[in-house]
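S.K.: 3D model of this:
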Amino acid sequence: MRGRLTVYYNAVTPAASKAKSSSLFRFLEIILAVCVAFAMPASPQTKETMLAPRPPMGWNSWDSYGTTIDEPQFRAATDWFAQRLKPYGWEYVVIDEGWTLDSSAGNASKIRVYTLDKYGRYIPAPSRFPSAAGDAGFKPLADYVHSLGLKFGFHILRGLPKQAVDKNLPIAGSAYSAKDAVDAVAICPWNADNYGLKDSPAGQAYYDSIATLYASWDVDFIKVDCISSRPYAGADIRMLSTALKKTGRPIVLSLSPGAAPIEKVDEMRQYAQMWRISDDVWDVWRSDTDFPQGVWNQFARTAQWAPLTEPGHWPDADMLPLGHLGPSPGWGQPRNSRLTHDEQRTMFTLWSMFRSPLIMGGDLLTSDDWTIGLLTNLDVLAVDQHSTGEHAIITTDQTVVWISRPENGNGNYLAIFNISDSPQTSYYSWSALNLKGTSFKLRDLWEQKELGIAKEINVTLPPHGCVLYRIQKQ
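M.R.: Numbering: from 1, shown residues only. Purely as a prediction, here's the structure:
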């Protein structure tokens with residue numbers, strides 16, 4: 001704010017000057033401080049200071065373990081992740097739903113006993129996470145993850161536990177109790193373990209209390225369920241984001257599930273780093289139902305959301321159900337991914353061109369060479385992590401074409417997808433792809449092979465297959 005500061009001095013007699021001088025100077029200091037504060041522009045976030053400057057890359061336990069993962073299994077997955085994926089830029093390991101269940105009878109269990117502290121906050125069940133005993137929470141496990149140079153996260157459900165309301169437990173750090181904060185109507189339609197929270201000081205106090213607890217565990221990533229659709233819970237998003245910021249710890253906020261409403265993008269950008277654009281995506285090519293969704297279904301959604309991606313704020317196409325989905329997947333029976341190799345490559349290519357967060361869902365310890373190859377191709381990972389201007393330029397019933405640019409501006413990335421059920425040959429002049437020039441150098445990023453100079457694109461793709469090029473002007 002620019003303007004003129006006018007200070008008026010009242011006449012002061014010598015006898016009164018000594019008594020009033022200190023208060024006068026203090027008044028002037030306050031006025032000047034306020035003016036300086038308004039005059040100085042806010043410091044813009046940089047990629048060094050913002051949360052999630054690039055799409056987060058990690059592993060989540062849901063597709064492999066559902067609600068059943070325990071500490072030995074998570075540590076083993078983390079060790080594998082640190083050894084095999086961390087060198088390629090993968091960073092987050094995340095425990096999904098169920099970590100607070102005292103004992104897990106599997107994903108289909110109808111009797112769930114949760115572990116809470118005296119303030120009505122979920123805590124890890126020591127029967128499954130022994131290092132959490134003695135009120136240690138996830139701090140020892142987070143310390144282990146950090147010792148490997150990784151970041152730690154877990155899943156929560158919006159609201160507060162019904163068990164806490166039944167006992168009317170106090171809310172830590174406040175004069176409120178659980179019944180002061182509860183909205184008994186706002187219950188998640190697919191998980192009735194929690195009540196909703198009122199948009200009120202008491203509701204904010206509860207979110208403040210859990211955020212304080214999580215920050216004391218040194219968590220880096222929180223996935224919040226039943227918050228970004230069915231219904232969209234804007235007040236909860238704001239209150240939880242506010243609570244996390246109060247802790248002073250950088251914690252990525254991921255909103256789930258989808259489809260998040262695109263008209264709320266500005267609000268989600270203000271409060272979160274990731275938000276789902278669809279319901280759960282599993283190992284199917286195409287789905288005609290809301291759940292699950294398939295790879296084909298994401299083409300229209302990613303094209304719609306692509307113009308709205310920006311550093312620090314990422315529309316999320318969901319986890320990657322690749323490799324072995326077991327021993328206890330969140331949906332269906334243990335199995336190898338039912339996506340063909342071509343479909344898996346198409347999935348990874350679309351996610352990367354769209355710049356979605358890349359969150360592996362399959363069981364890491366049983367990953368085969370093909371799956372590891374998908375996850376560790378640095379040429380392809382660079383598309384997800386270091387590109388800009390991504391968008392679909394051609395969409396038909398048979399073919400979809402995306403284009404983007406490397407961050408350094410040197411050339412373009414070009415992905416061509418055959419979304420039909422039969423082989424397709426695609427021919428494009430460079431002008432049809434909005435590229436100026438008559439010949440370009442091509443590199444096949446999946447095959448990591450230089451293809452030489454091309455005056456046009458002429459490629460035949462198998463059903464549900466794709467090709468991904470880096471192209472540079474000759």
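S.K.: C-alpha from now on. contacts and neighbour counts both.
M.R.: OK.
S.K.: got the contact list for the nearest residue to Ala184 once chain neighbours are set aside?
M.R.: Once flanking residues are discounted, Ala184 sits nearest to Tyr195: 5.3 Å by C-alpha to C-alpha, 6 or more residues apart in numbering. Residues in contact with Tyr195 (C-alpha atoms under 8 Å, 6 or more residues apart in numbering) are Gly159, Leu160, Pro161, Lys162, Val182, Asp183, Ala184, Val185, Ala186, Ile187, Cys188.
S.K.: so which of these is the most crowded?
M.R.: Highest neighbour count within the contacts of Tyr195, by other C-alpha atoms under 10 Å: Gly159, with 28 neighbours.
S.K.: what residues are up against that one?
M.R.: Counting by C-alpha under 8 Å, 6+ apart, Gly159 touches Val182, Asn194, Tyr195, Gly196, Leu197, Asp236.
S.K.: in CSV: the residues you listed, plus distance to Gly409 and secondary structure.
M.R.: CSV is the format used below for the contacts of Gly159 (distance: C-alpha to C-alpha, whole Å; DSSP: H, G, I helix; E, B strand; the rest coil):
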residue, distance to Gly409, secondary structure
Val182, 52, strand
Asn194, 48, strand
Tyr195, 50, strand
Gly196, 47, strand
Leu197, 47, strand
Asp236, 40, helix
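S.K.: buried set for stretch 85-103?
M.R.: Using 16 or more other C-alpha atoms under 10 Å as the test for burial, stretch 85-103 gives 85-86, 90-103.
S.K.: can you flag which of the residues you listed belong to strands?
M.R.: In this view, the buried residues of stretch 85-103 that belong to strands under DSSP state E are Tyr92, Val93, Val94, Ile95.
S.K.: quick one, domains of the chain?
M.R.: Here the domain parsing of the chain from automatic domain parsing is 1-43, 57-387, 394-473.
S.K.: so how far is stretch 416-432 from its chain's centroid?
M.R.: 32 Å (C-alpha atoms, centre = their mean, to the nearest Å).
S.K.: same check on stretch 165-180?
M.R.: 30 Å.
S.K.: show the end-to-end separation of that stretch, please.
M.R.: Its start and end residues considered, stretch 165-180 measures 9 Å (C-alpha to C-alpha, to the nearest Å).
S.K.: can you list the residues that contact that stretch?
M.R.: Under the contact criterion C-alpha under 8 Å, 6+ apart, stretch 165-180 has outside partners Lys118, Tyr119, Gly120, Leu160, Ala164, Val182, Ala202, Gly203, Ala205, Tyr206, Ser209.
S.K.: give the residue spans of the chain that score low on pLDDT.
M.R.: By pLDDT under 70, the low-scoring segments of the chain are 1-48, 104-111.
S.K.: which parts of it are helices?
M.R.: Along the chain, the stretches classed as helices by DSSP state H are 14-39, 62-65, 71-84, 139-147, 162-166, 178-181, 201-216, 234-247, 265-271, 298-305, 341-354, 369-375, 378-385.
S.K.: which elements pack onto the fourth one?
M.R.: The reference is to helix 139-147. strand 151-157 (3 or more C-alpha pairs under 8 Å, 6 or more residues apart in numbering; DSSP states H and E).
S.K.: hmm, who's touching the strand it packs on?
M.R.: By C-alpha under 8 Å, 6+ apart, strand 151-157 touches 91-97, 142, 145-146, 194, 219-227.
S.K.: that strand pairs with which strands?
M.R.: If you go by DSSP bridges, strand 151-157 pairs up with strand 92-95 (parallel), strand 221-225 (parallel).
S.K.: now render these as JSON lines, adding distance to Lys449.
M.R.: Supplementary listing: the strands paired with strand 151-157 in JSON lines, determined by distance: least, C-alpha to C-alpha, whole Å:
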{"stretch": "strand 92-95", "distance to Lys449": "30"}
{"stretch": "strand 221-225", "distance to Lys449": "36"}
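S.K.: please look at Asp283 and Phe291 and confirm they touch.
M.R.: No: between Asp283 and Phe291 there is no contact under C-alpha atoms under 8 Å: 11.7 Å.
S.K.: the two: which is more packed in?
M.R.: Asp283 (22 against 12).
S.K.: check the offset of stretch 335-344 from the chain's centre.
M.R.: Centroid displacement of stretch 335-344 relative to its chain, using C-alpha atoms, centre = their mean, is 23 Å.
S.K.: extract the CA atoms of it and return them as CSV.
M.R.: Provided in CSV are the C-alpha atoms of stretch 335-344 (Å, rounded to 0.1, in the frame of the first residue of the first chain):
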residue,chain,number,x,y,z
ARG,A,335,-3.3,-60.6,-8.3
ASN,A,336,-0.8,-59.3,-10.8
SER,A,337,-2.0,-56.1,-12.5
ARG,A,338,-4.6,-56.9,-15.1
LEU,A,339,-3.3,-54.1,-17.4
THR,A,340,-1.3,-55.4,-20.3
HIS,A,341,2.2,-54.1,-20.7
ASP,A,342,1.0,-51.7,-23.4
GLU,A,343,-1.7,-50.4,-21.1
GLN,A,344,0.7,-50.0,-18.2
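S.K.: list the buried residues for it?
M.R.: Across stretch 335-344, burial judged by 16+ other C-alpha under 10 Å covers Asn336, Ser337, Arg338, Leu339, His341, Glu343, Gln344.
S.K.: and what of stretch 141-152?
M.R.: Using 16+ other C-alpha under 10 Å as the test for burial, stretch 141-152 gives Leu141, Ala142, Asp143, Tyr144, Val145, Leu150, Lys151, Phe152.
S.K.: which pair of those spans the longest distance?
M.R.: Leu141 and Leu150 (11.5 Å; C-alpha to C-alpha).
S.K.: gap between the residue nearest to Pro189 when sequence neighbours are not counted and Gly258?
M.R.: Residue nearest to Pro189 in three dimensions, not counting chain neighbours: Arg230, with 7.7 Å by C-alpha to C-alpha, 6+ apart. For Arg230, the distance to Gly258 (C-alpha to C-alpha) stands at 8 Å.
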